[in-house]
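Visitor: Predicted coordinates and the sequence they were generated for:
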Amino acid sequence: MGSATTQALAASIKTLAAAKDVTLDTARELFAAAHAVSASSQLSGALANPSAPAAARQNVVAAVFGGFSAGAQGVLKTVVAERWSNAGELVDGIEELAIRAAAIAEPGTDIEGELFGFSRVIAANPELELALGSRVGGEDAKSALVERLLAEGSTGSATTLIITSLVRAPRGRRVRRLLNRAMSVVSSQRGRVVATVHTATALTDAQRARLSDSLSRRYDGQVSLNVVIDPAVVGGLRVQIADDVIDGSISARLADLRQKLAG
């Protein structure tokens with residue numbers, strides 16, 4: 001992410017946070033805007049053109065997205081008034097704002113947990129990931145498939161909107177990568193960090209609480225856990241937070257011991 005994009009995204013997030021009555025419709029409109037800008041090189045070029053006056057770019061928003069709610073238009077006008085490193089990062093920014101809007105709209109829903117649960121379904125079904133990421137299937141067919149899968153698990157509306165919107169417009173990205181990014185964005189919006197924990201056996205509530213408290217102190221913020229049951233761990237835990245890996249698993253210790261014995 002370029003420095004210009006970092007500043008533009010920060011300003012846009014601030015505008016979204018100040019917006020009133022952010023609903024799932026707001027998120028849906030922002031996802032639609034991201035899709036439209038991504039699909040049109042002419043539109044993306046006009047909105048990301050740093051040589052054009054900000055007012056001119058905002059007029060394009062009014063002309064193209066005039067049917068959107070005032071809240072969504074306000075966010076989009078802030079987005080295009082900022083300078084982005086390139087058109088692709090502009091689209092990424094609008095998409096992130098859509099995810100954040102969904103998280104704001106349903107503060108009581110465990111969106112991160114539901115996204116993680118769906119990512120585990122994808123990880124266990126390579127053919128499903130291939131089908132959802134393929135350019136062959138139509139957008140509507142992919143959305144319908146995802147909605148059927150999510151309906152079986154009583155997934156919340158915000159999570160369903162995020163997943164179906166991302167699957168409709170993957171832009172060459174793998175589905176699990178999309179889901180992981182969405183989890184990170186939702187966690188950031190809610191001011192917490194997500195830790196993926198690999199363990200050979202399920203953790204008790206007391207163990208989860210102790211681990212979460214310990215990690216929260218270490219990372220100076222609230223840490224929520226996504227737990228993966230992984231027999232390969234053998235015993236102990238492997239914890240990953242962003243790029244940090246804390247590997248206290250027995251399998252890691254055995255691997256280290258084998259390496260030392262091999263000289």
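Guide: Now that the structure is in, tell me what you want to look at. Residues are numbered from 1 along each chain as shown.
Visitor: could you say which helix or strand contains the residue lying closest to residue 68 once chain neighbours are set aside?
Guide: Leaving out its chain neighbours, the residue that sits closest to residue 68 by C-beta to C-beta, 6 or more residues apart in numbering is residue 29, at 4.6 Å. Using the backbone N, CA and C atoms, a C-beta is placed for each residue, glycine as well. Assigned by DSSP states H and E, residue 29 belongs to helix 24-39.
Visitor: Am I right that residue 238 falls within a helix?
Guide: No. With DSSP: H, G, I helix; E, B strand; the rest coil as the criterion, residue 238 is assigned strand and is not in a helix.
Visitor: Let me know how buried it is, in neighbour terms.
Guide: Counted by other C-beta atoms under 10 Å, the residues lying close to residue 238 total 20.
Visitor: beta partners for the closest residue in space to it that isn't next to it in sequence?
Guide: Spatial nearest neighbour of residue 238, excluding adjacent residues (C-beta to C-beta, 6+ apart): residue 198 at 4.1 Å. As for beta bridges, residue 198 partners with residue 228, residue 238 under DSSP bridges.
Visitor: Provide the count of other residues in contact range of residue 198.
Guide: 20.
Visitor: do the same with the one 10 residues further on
Guide: Counted with other C-beta under 10 Å, the neighbours of residue 208 add up to 15.
Visitor: Mind telling me what element it is part of?
Guide: helix 205-219.
Visitor: Going by neighbour count, list what's buried in that helix.
Guide: Neighbour-count burial for helix 205-219, with 16 or more other C-beta atoms under 10 Å as criterion, is recorded at 207, 211, 212, 215, 216.
Visitor: How about stretch 39-52?
Guide: Buried, per 16+ other C-beta under 10 Å, within stretch 39-52: 43, 44, 46, 47, 48.
Visitor: contacts for that stretch?
Guide: 36-38, 57, 60-61, 64, 80, 83-84, 86-87, 90-91, 169 (C-beta atoms under 8 Å, 6 or more residues apart in numbering).
Visitor: Check those residues and tell me the two furthest apart.
Guide: Across these, the longest distance by C-beta to C-beta is 23.9 Å; it joins 83 and 169.
Visitor: Please name the nearest non-neighbouring residue to residue 104.
Guide: Distances taken as C-beta to C-beta, 6+ apart place residue 22 nearest to residue 104, at 4.6 Å, with adjacent residues excluded.
Visitor: Enumerate every residue touching residue 17.
Guide: Contacts of residue 17 by C-beta under 8 Å, 6+ apart are residue 104.
Visitor: rerun that using 10 Å as the cut-off
Guide: The neighbours of residue 17, taking C-beta atoms under 10 Å, 6 or more residues apart in numbering as the test, are 100, 104, 189.
Visitor: Residue 114 reaches residue 103, doesn't it?
Guide: No. With contact defined as C-beta atoms under 10 Å, residue 114 does not count as touching residue 103 (11.6 Å).
Visitor: Give me the common contacts of these two.
Guide: Common neighbours of residue 114 and residue 103 (C-beta under 10 Å, 6+ apart) are 158, 159, 162, 186.
Visitor: Looking at those, state which has the most neighbours.
Guide: Counting by other C-beta under 10 Å, top hit in the shared contacts of residue 114 and residue 103: residue 162 with 31 neighbours.
Visitor: For that one, list the residues it contacts.
Guide: 24, 27, 31, 95, 98-99, 101-103, 111, 114-115, 118, 155-156, 178-179, 182-183, 185-186.
Visitor: now the helix or strand hosting it: how far from the chain's centre is it?
Guide: Using DSSP H and E, residue 162 maps to helix 157-168. Offset of helix 157-168 from its chain centre (C-alpha atoms, centre = their mean, to the nearest Å): 10 Å.
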